[in-house]
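From the sequence below, what's the structure:
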Amino acid sequence: MCSARKAGYIVHAIDRFGDIDMQKCASKVHILEDIPENELEQLAGSFGDLDAVILGPGFEHLKINNALNNSKETMEAAGNKSKLPKKLHSLGIPHPETVSIDKADCMGFPLMIKPKSGSGGMKNIIVRNEAELNIFKKRNDSNDFIAQEFIEGYPAALL
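Down below sits the predicted model:
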């Protein structure tokens, strides 16, 4: 987004989180919570003629003209949190230990619980003990999640 702005483009952002660094680069920002997909496409259409669109986390599935995103297959592969750690490990890139939910008991706490696919941090939760993990495992969708070693730090957008 910042590169496009520096190149002279007018940049609008539709975002769920409103990261500070993103807001500094965009000409206009629309911060949304949950919005029906048809309304989101209408909002994007209200910007008028656009040279290009980059669909970020949570929006990569939308079908909008002039999207500059990677292919659907590439985005799914990069967003697959079950496979990505293995790929990063094979390249020598450090990454938190990652296991399926059913193997999370042996990791220690706290744990970061994330959807197996997707990006942007949506639906991530911290599980602080075995009781919380057992409650999470009883969810109907618990098999759609992975567990990761919790790493202390600061959100990059706040730095």
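
Could you list the single helix or strand in the chain with the lowest mean pLDDT?
helix 37-45 (a mean of 71; mean pLDDT, DSSP states H and E).

Sketch out the strands for this structure, chain order is fine.
Ranges of strands within the chain are 12-15, 28-31, 98-100, 111-115, 125-127, 145-149, based on DSSP state E.

How about residues contacting the third one?
What it means is strand 98-100. Strand 98-100 is touched from outside by 81-82, 85, 107, 143, 146-149, with contacts defined as C-beta atoms under 8 Å, 6 or more residues apart in numbering. (C-beta placed from N, C-alpha, C; glycine too.)

before we move on, what about the first one?
Among residues not part of strand 12-15, those counted as contacts by C-beta under 8 Å, 6+ apart are 1, 22-23, 26-32, 40, 43-44, 47, 56, 59.

Below-threshold pLDDT in the protein: ranges please.
33-35, 37, 41, 44-45, 47, 57-58, 119-120, 155-159 (pLDDT under 70).

What I need now is the strands of the chain written out in TSV, including distance to Ala77 for each item.
Putting these into TSV (distance: least, C-beta to C-beta, whole Å) gives the following:
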stretch	distance to Ala77
strand 12-15	23
strand 28-31	29
strand 98-100	15
strand 111-115	15
strand 125-127	24
strand 145-149	15
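
Just want to check the distance between Ser82 and Gln23.
32 Å (C-beta to C-beta, to the nearest Å).

Residues touching stretch 139-150, excluding its own?
Here stretch 139-150 has contacts from 81-82, 96-104, 107-116, 123, 126-127, 133, 136, using C-beta under 8 Å, 6+ apart.

How far does that stretch stretch from one end to the other?
Distance between the two ends of stretch 139-150: 21 Å, counting by C-alpha to C-alpha, to the nearest Å.

Give me the distance from that stretch to the chain's centre.
15 Å (C-alpha atoms, centre = their mean, to the nearest Å).

any idea what sits nearest Ala104, other than its immediate chain neighbours?
Distances taken as C-beta to C-beta, 6 or more residues apart in numbering place Ala147 nearest to Ala104, at 3.6 Å, with adjacent residues excluded.
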